[in-house]
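Visitor: Turn this into a structure:
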Amino acid sequence: MESKYPLVLVTWEDHTGDAGWFTDESVGDLEHATATTIGWLVSKRGKSYKVADTLIDNGFGGVSVILKKTVTSIREITI
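Guide: Residues are numbered from 1 along each chain as shown. The predicted structure follows:
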């Protein structure tokens, strides 16, 4: 299927959390997550990229909304 949407690989940073108990020393070991999303870039308007994991004849599904300011890299993939 030929697509009007480019296939992209997006690397981005995300918040994490832990409801456990910590000391002043052990809380320093907590880190944010680095995520990688692959899919079709269906929108890049406004403050976010919208990346779909599935294309259908007249649309798409499984859309991730990724804030642009959290993105560390985005590149188009050719298959």
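Visitor: what is the nearest residue to Ala52 once chain neighbours are set aside paired to in the beta sheet?
Guide: Among residues not flanking Ala52 along the chain, Phe60 sits closest, at 3.7 Å (C-beta to C-beta, 6 or more residues apart in numbering). The C-beta positions use only the backbone N, C-alpha and C, and glycine is treated the same way. Under the criterion DSSP bridges, Phe60 forms beta bridges with Leu55.
Visitor: swap in the one 4 residues further on?
Guide: In this structure, Ser64 has the following beta-bridge partners (DSSP bridges): Val51.
Visitor: Next one: Val63 from Leu30, what distance?
Guide: 29 Å (C-beta to C-beta, to the nearest Å).
Visitor: which of those two has more neighbours?
Guide: The residue with more neighbours, out of Val63 and Leu30, is Val63; 14 against 11, by other C-beta atoms under 10 Å.
Visitor: so the more buried one makes contact with Thr54?
Guide: No. Contact between Val63 and Thr54 fails when scored by C-beta atoms under 8 Å: they sit 9.1 Å apart.
Visitor: A helix includes Lys69, no?
Guide: Yes. Counting by DSSP: H, G, I helix; E, B strand; the rest coil, Lys69 is part of a helix.
Visitor: what residues are up against it?
Guide: The neighbourhood of Lys69, defined by C-beta atoms under 8 Å, 6 or more residues apart in numbering, consists of Lys47.
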